[in-house]
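J.: Return a 3D structure for these sequence lines:
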Amino acid sequence: MVAVMTEISDQALDLAASRGGTARGATPRARAARHDAARDALILSLTNGVELVIPVRLVPGLGAAPPVLRDAVELLGAGYGLHWEALDLDLSVPELLAELCGARAWVAGQAGRATSPAKAAAARANGALGGRPRRD
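T.: Numbers count the residues shown, from 1 in each chain. The predicted structure follows:
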């Protein structure tokens, strides 16, 4: 396989840097992370000033790990990720926050709740055809 090199313009690099700066300002990232053995919790200090105490049992892949391995947490990608080398475990900070705060469950619960004239017309047309097929 031959790698193809393409030249990136200075304008494209400037635009990417600008977008990256905007994303860094809008998305909470970890400034520091540590395992608190006394509380058996992961302590996350975020760039927006928030400090979270997360019980280890709620952190995917970390609850079953021996306490000594939980201590070796590292920050990845300017604080967007957490890494435990000995556990071969990487977690996304934004994804972890979304999971813990129930954002994913809320979004999933909203799916299909929107109403519109087009959706109502489609439901009526489907009903006129006999509705949804039965599962066997």
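J.: Could you pull up the residues touching residue 57?
T.: By Cβ atoms under 8 Å, 6 or more residues apart in numbering, the residues touching residue 57 are 40, 63. For every residue, glycine as well, the C-beta is placed using N, CA and C.
J.: Try it again at 6 Å.
T.: For residue 57, the contacting residues are residue 63, by Cβ atoms under 6 Å, 6 or more residues apart in numbering.
J.: So for the helix or strand that contains residue 125, mean pLDDT?
T.: Using DSSP states H and E, residue 125 sits within helix 117-128. Across helix 117-128, pLDDT averages out at 81.
J.: Check stretch 70-89 too.
T.: Mean predicted lDDT for stretch 70-89 stands at 92.
J.: distance between it and the chain's centre?
T.: Relative to its chain's centre, stretch 70-89 lies at 15 Å (Cα atoms, centre = their mean, to the nearest Å).
J.: can you pull out the helices in the protein?
T.: 10-26, 67-70, 93-100, 103-110, 117-128 (DSSP state H).
J.: Could you export stretch 74-82 as PDB, CA atoms only?
T.: Output in PDB follows, covering the C-alpha atoms of stretch 74-82 (Å, rounded to 0.1, in the frame of the first residue of the first chain):
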ATOM      1  CA  GLU A  74      -3.100   9.000  33.600                       C
ATOM      2  CA  LEU A  75      -4.600  11.900  31.500                       C
ATOM      3  CA  LEU A  76      -4.700  11.500  27.800                       C
ATOM      4  CA  GLY A  77      -5.300  14.000  25.000                       C
ATOM      5  CA  ALA A  78      -5.300  17.300  26.900                       C
ATOM      6  CA  GLY A  79      -7.700  15.800  29.500                       C
ATOM      7  CA  TYR A  80     -10.200  14.300  27.200                       C
ATOM      8  CA  GLY A  81      -9.300  10.800  28.200                       C
ATOM      9  CA  LEU A  82      -8.200   8.600  31.200                       C
END
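J.: Can you pull out the residues in contact with it?
T.: For stretch 74-82, contacts defined as Cβ under 6 Å, 6+ apart pick out 29, 30, 33, 73, 83, 90, 91, 92, 93.
J.: how about a cut-off of 7 Å?
T.: 24, 29-31, 33, 47, 73, 83, 90-94 (Cβ atoms under 7 Å, 6 or more residues apart in numbering).
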